[in-house]
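> One predicted model, sequence on top.
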Amino acid sequence: MAGNIIEISSIVKKFGDFTAVDGISLNIKEGEIFGLLGPNGAGKTTTINMLLGLLEITSGTIKVMGTDMNREPNKIKQMMGLMTQETVVEPDLTAKENLEIFAELYHISEPTKSQRITQALNDANLEDKADVKAGTFSGGMQRRLELVKSMIQDPKILILDEPTTGLDVQNRVNMWERIRELNASGVTIILTTQYLEEADTLCDRIAVIDHGKIRAIGTATELKSMVSKGNMLEVIVRLNEAERAFKALKSKLKMPLELRGDHITGVLENHESDTLTKAISVLAQERIQPISIGTHLPTMNDVFIKLTGSAMRDETGENTSGRDKAMFRSMR
């Protein structure tokens, strides 16, 4: 079994009286894809920034391949690559020139620089676009360029912050395949995403963070089993009928139910088909026509709701725009 490549122990980050990260401890194994999930403001971005050495740790320790972040931050920065959720390419420069700038920031000398740029263009399927301005590329092409740019220094660890945000389904699937290929080549990957099916599909293990604390860590299967080992009832009704439907179902079904917006959910332990039939009958008696009603196995969204009290929100509001600039300054 692979050992730990990252060891995070009781890290805390305070901004004045506000505690953004509150005693997080976790280990990431060499060669795994590790997911980091949490609602907006949960502490994910702050944790990543400490891991990258862009924020000073208030207390606690981070070790990467045995190196202590508090003692040798610059050494750790050379071990890691970062792909932000924002595509940061220079539109007036060619694909090759974009890669050259990043190679220089990492002080990669010839002939290594030329070799890595050539390989990066091939990996991104942009070898025939090497001398074309990046501003003319499609969104998918720019994301591929962004990904290989983050790998130019040949890092052992790659942090992917919302890597498929803004991509259509086909480009998202293509990005997933490239992530799998990188991982298969030996790169340890830390992934944050707003797409729960992305974490479910790609990640070996997932940590759910909320209010600066770890709520749970495990495989997708382990996390789902925390919600239910069987099926779940899900009822969706019109919002103005939700409260009435919830009260009626809770009274007649005699089972724990939760109401969130227009969704009513509950864990089915036995007699799933009988409960579903009863639920339909109760709604009919109340003259409520459900938008949908059925059962399903627990999903990552069910896990997320159970652990954080809310469904996953779009996290594009988190401020990552200054992180690249900060990272560039720190490498100079």
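That came through, no problem.
> domains in the chain, as residue ranges please.
For the chain, the structural domains run 4-221, 229-297, going by automatic domain parsing.
> Most tightly packed of those?
Mean neighbour count (mean count of other C-beta atoms under 10 Å) peaks for domain 4-221 among the domains of the chain, with a mean of 18. Yep, even glycine has a C-beta here, placed from its N, CA and C like the rest.
> chain center to that domain, what's the gap?
10 Å (C-alpha atoms, centre = their mean, to the nearest Å).
> Adding mean pLDDT, write the domains of the chain out as CSV.
Output for those, formatted as CSV (pLDDT from 0 to 100):
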stretch, mean pLDDT
domain 4-221, 92
domain 229-297, 89
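> Quick one: the helices in the stretch 1-150 of the chain, in order.
Remark: helices assigned in the stretch 1-150 of the chain by DSSP state H, counting those that start in this stretch are 44-51, 73-77, 95-105, 112-123, 139-150.
> so which of these gets nearest residue 210?
Evaluated over those, closeness to residue 210 peaks at helix 44-51, with 9.8 Å, by C-beta to C-beta.
> now for that closest one, which elements pack on it?
Judged by 3 or more C-beta pairs under 8 Å, 6 or more residues apart in numbering; DSSP states H and E, the packing partners of helix 44-51 are strand 4-15, strand 18-29, strand 33-37, strand 59-64, strand 157-161, strand 188-192.
> List the contacts of the residue most central in space within the chain.
For the chain, residue 192 is the residue whose C-alpha lies nearest the centre (C-alpha atoms, centre = their mean; 1.9 Å). By C-beta atoms under 8 Å, 6 or more residues apart in numbering, the residues touching residue 192 are 35-37, 44, 48, 159-162.
> Repeat the analysis, applying 10 Å as the threshold.
35-38, 44-45, 47-48, 85, 159-163, 198-199, 209, 315, 318, 320 (C-beta atoms under 10 Å, 6 or more residues apart in numbering).
> try residue 299
Contacts for residue 299 were tallied using C-beta under 10 Å, 6+ apart; they are 196-197, 200, 220, 224, 227, 232, 234, 305.
> quick one: which of the helices and strands packed on helix 44-51 is nearest residue 289?
Residue 289 lies closest to strand 33-37 among these, at 34.5 Å (C-beta to C-beta).
> how much does the closest one deviate in direction from strand 18-29?
160 degrees (axes from the mean of the first three to the mean of the last three C-alpha atoms, to 10 degrees).
> Can I get strand 33-37 in CSV, CA atoms only?
What follows is strand 33-37, C-alpha atoms only, in CSV (Å, rounded to 0.1, in the frame of the first residue of the first chain):
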residue,chain,number,x,y,z
ILE,A,33,-7.1,11.2,-6.5
PHE,A,34,-8.3,12.9,-3.4
GLY,A,35,-11.5,15.0,-3.5
LEU,A,36,-12.1,18.1,-1.4
LEU,A,37,-15.8,19.0,-1.2
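> partners of it, with directions?
Applying DSSP bridges to the sheet, strand 33-37 is found paired with strand 188-192 (parallel), strand 205-210 (parallel).
> Can you give the contact residues for the next helix or strand after the longest one?
Translated: strand 205-210. Note on strand 205-210: by DSSP states H and E, the next helix or strand toward the C-terminus is strand 213-218. Identification of contacts with strand 213-218 by C-beta under 10 Å, 6+ apart yields 8, 19, 21-27, 34-38, 42-43, 47, 205-210, 222-226, 303-304, 306-308.
> Look up the closest residue to the residue lying farthest from the centre of the chain, ignoring the ones flanking it.
Most distant residue from the mean C-alpha position of the chain: residue 285, 43.0 Å away (C-alpha atoms, centre = their mean). Once flanking residues are discounted, residue 285 sits nearest to residue 248: 7.5 Å by C-beta to C-beta, 6 or more residues apart in numbering.
> rewinding a little: I'd like the strands paired with strand 33-37 written out as CSV, with distance to residue 268 added.
Below are those laid out as CSV (distance: least, C-beta to C-beta, whole Å):
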stretch, distance to residue 268
strand 188-192, 32
strand 205-210, 23
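> right, so of those, which gets closest to residue 179?
Each of those has some distance to residue 179 by C-beta to C-beta; the shortest is strand 188-192, at 6.4 Å.
> Run the angle between the closest one and helix 44-51 for me.
Angle, strand 188-192 to helix 44-51, by the same axes, to 10 degrees: 150 degrees.
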